[in-house]
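Undergrad: sequence and predicted structure are below.
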Amino acid sequence: MENAKHVSKAVISRLPRYYRTLRQLANEGVGRISSKDLAAQMDLTASQIRQDLSCFGGFGQQGYGYSVDKLIVELERILGVAGSQRAILLGVGNLGRALLRNFDFSFCGVRPIAAFDTAAEVIGRDFRGIPVHALHDLELFCERERPDIAVLCVPADQAQLVSERLVRCGVRGIWNFSNVSLRQDHLGVPVENVHFSDSLMKLCYHMKATDPFEFGE
C-alpha cells in the first residue's frame, strides 16, 4: 500500500467522508460521478478532491469522471476496511452498550466478537449477540482469539493502564472513547481518540461565526 507517512492528516481525515458519500451514491443508483459533482455533495472543491485522491494514484479519467463502484473498492483498500477486522469492546456502560446495540461496525469492515467489564450485573450477558466477559479473562481471550481492534469505553482514570494491557495482548489499534487522549507514540499502536465535545464545540463556533449579533465582537 502507499506510504501513509507521506499523506497528510487532513487528507486522511477526509477519506471516510469520501467513502461514506460514495456508498450513499451507490445506494441511490449513481454509477459515475465527476469531481465537480462529488465536490458539491461534500462541500469541497473539485481540485481538492482530485488532489486528495492523487495521493493514492489516479482513479478518474479526464471528462469521464469516477466510477462510483471502483472508487469505493479503492477506498476500501486504502482505508483497510475491505476485510473483517475483529474487535473487542472494554467498558459496557451506557456508551459501550449503545455502541454494541446501535453502531454499524460492519460498515467499517469491523466485527465485534466480545466485550469486557468488571461489573457482575453485565458479565455473562450479551448485547446484540456479543457476549460480555470478565475483564480478568482478557489475556486468555486475546491469546485464543487474536482481536485486531479494541474499543475503549472505560473511565478516564483507567484508560492508560487498560490500553497498555491491550497492547501487551497483541491488539493492533485502539478506538478510544474514554474522554482522555492516549498517545500513539507511548503505546506503539495506532490510536483514534474520540471526543464528542470537540464536534459540539465546532458546531458552537460555526453558529457564533454566522450570527450577525455575535460575530466580530
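TA: It's in.

Undergrad: what residue spans form the domains of the chain?
TA: 4-78, 85-198 (automatic domain parsing).

Undergrad: make CSV from the ones you listed and add mean pLDDT and mean neighbour count to it.
TA: Where C-beta positions appear, they are placed from N, C-alpha and C, glycine not excepted. As requested, the domains of the chain are exported to CSV (pLDDT from 0 to 100; neighbours: other Cβ atoms under 10 Å):
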stretch, mean pLDDT, mean neighbour count
domain 4-78, 91, 15
domain 85-198, 97, 17
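
Undergrad: the longest strand seen in the chain: partners in the sheet, and parallel or antiparallel?
TA: When the chain is parsed with DSSP state E, its longest strand is strand 110-117. Paired neighbours of strand 110-117 in the sheet (DSSP bridges): strand 85-90 (parallel), strand 130-134 (parallel).

Undergrad: residues contacting the closest residue to Val154 other than its chain neighbours?
TA: The spatially closest residue to Val154, leaving aside those adjacent along the chain, is Gly91, at 4.0 Å (Cβ to Cβ, 6 or more residues apart in numbering). Counting by Cβ atoms under 8 Å, 6 or more residues apart in numbering, Gly91 touches 116-117, 152-155, 178.

Undergrad: next: Met207.
TA: So Met207 contacts nothing (Cβ under 8 Å, 6+ apart).

Undergrad: show me where the protein has its strands.
TA: For the chain, the strands defined by DSSP E cover 32-33, 66-67, 85-90, 110-117, 126-127, 130-134, 149-152, 173-176, 191-193.

Undergrad: quick one: strands adjacent to the second one?
TA: According to DSSP bridges, strand 66-67 has the following sheet partners: strand 32-33 (antiparallel).

Undergrad: now what about the partner strand, what contacts it?
TA: With Cβ under 8 Å, 6+ apart, strand 32-33 has contacts from 22, 25, 64-68.

Undergrad: for these, which one is nearest Ser106?
TA: Leu22 (16.8 Å; Cβ to Cβ).

Undergrad: identify the residue nearest that closest one in space, chain neighbours excluded?
TA: Ile72 (5.0 Å).
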